[in-house]
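Chemist: My questions are about this predicted structure, shown below with the sequence.
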Amino acid sequence: MATTPPTAPAIRMPPTSEAHLVLEGLTLRYGARIAVAPTTLTIPRHRVTAIIGPSGAGKSTLLRALNRLHEKVPGAGVDGRVLLDGEDIYGLGVDPILLRRRVGMVFQQPNPLLTRSIAENVSIGLELVGMPRRERAATVEWALRRVALWDEVRDRLDHPATSLSGGQQQRLCIARTLAVRPEVILMDEPASALDPIATSRIEDLIRELASEFTVVIVTHNMQQAARIADYTVFMTPNEDGAGEVVEAGPTEEIFTAPHNQRTEDYITGRFG
Ligand SMILES: Nc1ncnc2c1ncn2[C@@H]1O[C@H](COP(=O)(O)OP(=O)(O)OP(=O)(O)O)[C@@H](O)[C@H]1O
């Protein structure tokens, strides 16, 4: 039963003291067009937070702003702040390359390096930071075990990454992200290109990762959000076409007792 007017955002995220990331008036543009209206939100540490909403709601744009990938689009603009453990990632002197090691990203399509072996795909980030070869091998094994791929590939680490199935390639890409020991992992529809069995393995993995990492995932799949996310953020375009957060809070509440009429309409399939 909706208890707030359709226009009032209903935000019930944990307090700043439990947050890993804090968005303060984060506003994102492509040229003159606002893609994400001012957004203030906490992202809790070592939890899975899902961002759901219809196409064009600004979900991916918001996600990509959390490790400064948004600014790579020519003409893209950012206002407001994103605090990572209290430090503004858009502050003067913050190196986006170093930031992206702390806040890693997994994309919709598995994107292994096609000319590199399985092991090299995991160790590429470690090579770039100058880690010695022996240490790299140990980290490759750790990361592949972490994504439950080690037993499947331990005898063919030098084979091309393209010899793996789509689901295995996506777990490999997650291992590559983990290898540089990020704190936060951003995932943009990480299972949407996969079959149901591979999807289920990725979902299990995401739940496991939350014991050690903060995970923020964009998904079109509401059942997936309900299965894996501790918190859910619902975004939708406003009357000007800019995406805005309508409601955010514990996943169970969002799906069983939303406070905002627009959330209820979306999760019951009345729009979107
Ligand atoms: N590179 C870009 N240049 C210009 N406009 C863009 C760009 N990427 C996205 N947009 C626009 O920004 C708005 C939000 O897009 P975004 O991809 O963030 O939404 P989304 O909620 O993730 O959508 P979907 O679920 O379809 O992926 C859309 O109107 C989109 O057309």
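Modeler: Looks like it came in fine.

Chemist: Please name the spatially closest residue to the most centrally placed residue in the chain (chain neighbours excluded).
Modeler: For the chain, the residue whose C-alpha lies nearest the mean C-alpha position (C-alpha atoms, centre = their mean) is Leu186; its distance is 2.4 Å. Distance criterion C-beta to C-beta, 6 or more residues apart in numbering; nearest residue to Leu186, sequence neighbours excluded, is Met105 at 4.7 Å. Just so you know, the C-beta spots here come from the backbone N, C-alpha and C atoms, and that holds for glycine as well.

Chemist: need the contact list for that neighbour.
Modeler: Counting by C-beta atoms under 8 Å, 6 or more residues apart in numbering, Met105 makes contact with 64, 67, 69, 177, 185-188.

Chemist: can we see that at 10 Å?
Modeler: 63-64, 66-67, 69, 173, 177, 182, 184-188, 190, 216 (C-beta atoms under 10 Å, 6 or more residues apart in numbering).

Chemist: Which pair of those spans the longest distance?
Modeler: Leu66 and Cys173 (18.0 Å; C-beta to C-beta).

Chemist: returning to what we had before: the helix or strand harbouring the residue nearest to Leu186 and the ligand, are they touching?
Modeler: Applying DSSP states H and E as the criterion places Met105 in strand 103-106. No: contact of strand 103-106 with the ligand (C-beta under 6 Å from any ligand atom) is absent, the minimum separation being 13.8 Å.

Chemist: Do you have the strands of the stretch 151-272 of the chain handy? List them.
Modeler: 184-188, 214-218, 231-237, 243-250 (DSSP state E, counting those that start in this stretch).

Chemist: Export those as a markdown table, with columns for distance to Thr49.
Modeler: Converted to a markdown table, the strands of the stretch 151-272 of the chain look like this (distance: least, C-beta to C-beta, whole Å):
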| stretch | distance to Thr49 |
| --- | --- |
| strand 184-188 | 10 |
| strand 214-218 | 5 |
| strand 231-237 | 5 |
| strand 243-250 | 8 |
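
Chemist: what would those strands look like in JSON lines with mean pLDDT?
Modeler: Below are the strands of the stretch 151-272 of the chain laid out as JSON lines (pLDDT from 0 to 100):
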{"stretch": "strand 184-188", "mean pLDDT": "98"}
{"stretch": "strand 214-218", "mean pLDDT": "98"}
{"stretch": "strand 231-237", "mean pLDDT": "98"}
{"stretch": "strand 243-250", "mean pLDDT": "98"}
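
Chemist: just to revisit the earlier point, quick one: strands adjacent to the strand holding Met105?
Modeler: Its sheet considered, strand 103-106 pairs with strand 184-188 (parallel) by DSSP bridges.

Chemist: what's the angle between the strand it pairs with and strand 214-218?
Modeler: 10 degrees (axes from the mean of the first three to the mean of the last three C-alpha atoms, to 10 degrees).
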